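> What shape does this take:
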Amino acid sequence: MIPNPRLVVCDLDGTLVDSDKRLRPAEIAAVRRLDAAGIGFAVISARPRSGVMPIVEALGLDGEQAAFNGGTIFRRDGAVVRRETVDEAVVRGMFALTRGVAVEPWVFAGDRWHAAAGRGLHADRERKSSNQEPIVTADFAPLYGDVDKLTFVSDDEPLLRGLREQALARFGARATIVQSQTYYLDVTPLAGNKGDGIRALAASRGVDLADTVAIGDQANDLAMLDRAGFGIVMGNAPDKVKACAGAVTLSNDEDGVAYAIDTLILGRRA
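The predicted model follows:
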């Protein structure tokens, strides 16, 4: 059992929701048990605010929550506490870097999803995650100065990994550049990372980072797993992420968050 936990900060896709993007009853019940025990719960995701809000509503979460990997901090009543945007020069540079590369760009600006095609690669998956339809556009340039997140989509994971290395070399000092999934390369503001995100969420509740628990599954969760007092990684996570965990729970399709809450945080069952 983890000593003195006061706040659990949890990723969504691949973690709190299952492979069909559903919030399962076991997770809802477990979060309620946390609340009854006086332990806070907050969510942080690469999703836009529109995609995080239904989860926040379903769980009845009060307090601050985080979208765009922590770039946007908001409350259930719709109030935006903090919103960071990607440096416009970085956005222009990323589009130049990917010119002629087999990736599909998505631009999230003002919490709206803009895409070159409404039925592109992984578009239906994103519809569920973001809880909105894409705005189809042939010209992203007018959005460059107001970007919450820039995502490049490809099922060629080595290509995205190589692109990330190039982007980090050029823009790593001015933006957060991570793979939120094997098929997504995300560019968010420098403060739009889950390490700074968990720090902001903890501070908003007056909780020391040493008394936080982070739960995640992908490379973009590593920053918060590192900063939290204790890090729990999902059973469906890549091995390189599991290697950074204080503990590994079941997969997201096996109610892994509920299992972690009950066994590792509340100590309800062996």
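
> Domain-wise, how is this protein divided?
Listed by automatic domain parsing, the domain ranges of the chain are 7-83+192-265, 88-189.

> Out of the ones you listed, which one sits most buried?
Per residue and on average, the most neighbours among the domains of the chain fall to domain 7-83+192-265, with a mean of 20 (mean count of other C-beta atoms under 10 Å). For glycine as for every other residue, the C-beta is placed from the backbone atoms N, C-alpha and C.

> ok, the closest residue to Ala115 other than its chain neighbours - contacts?
Spatially, and ignoring its direct neighbours in sequence, Ala115 is nearest to Pro134 (4.0 Å; C-beta to C-beta, 6 or more residues apart in numbering). Contact analysis of Pro134 by C-beta atoms under 8 Å, 6 or more residues apart in numbering lists Trp106, Trp113, His114, Ala115, Gly118, Ala123, Glu126, Arg127.

> Over to Pro134: give its phi and psi.
Torsion angles at Pro134 (phi, psi; degrees, to the nearest 10) stand at phi -70, psi 150.

> What pLDDT does the model give it?
We have a pLDDT of 96 for Pro134.

> so how far is Trp113 from it?
5 Å (C-beta to C-beta, to the nearest Å).

> intersection of neighbour lists for the two?
By C-beta under 8 Å, 6+ apart, the residues touching both Pro134 and Trp113 are Trp106, Glu126.

> Just the helices from the stretch 51-200 of the chain, written as ranges.
Here the stretch 51-200 of the chain has its helices, by DSSP state H, counting those that start in this stretch, at 88-97, 123-130, 157-171, 194-204.

> Tabulate these in JSON lines, adding columns for distance to Ala219 and mean pLDDT.
Compiled in JSON lines, those are given as follows (distance: least, C-beta to C-beta, whole Å; pLDDT from 0 to 100):
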{"stretch": "helix 88-97", "distance to Ala219": "18", "mean pLDDT": "98"}
{"stretch": "helix 123-130", "distance to Ala219": "17", "mean pLDDT": "93"}
{"stretch": "helix 157-171", "distance to Ala219": "9", "mean pLDDT": "97"}
{"stretch": "helix 194-204", "distance to Ala219": "10", "mean pLDDT": "97"}
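
> Which one of those helices lies nearest to Pro5?
Closest to Pro5 of the helices of the stretch 51-200 of the chain is helix 194-204 (C-beta to C-beta; 11.5 Å).
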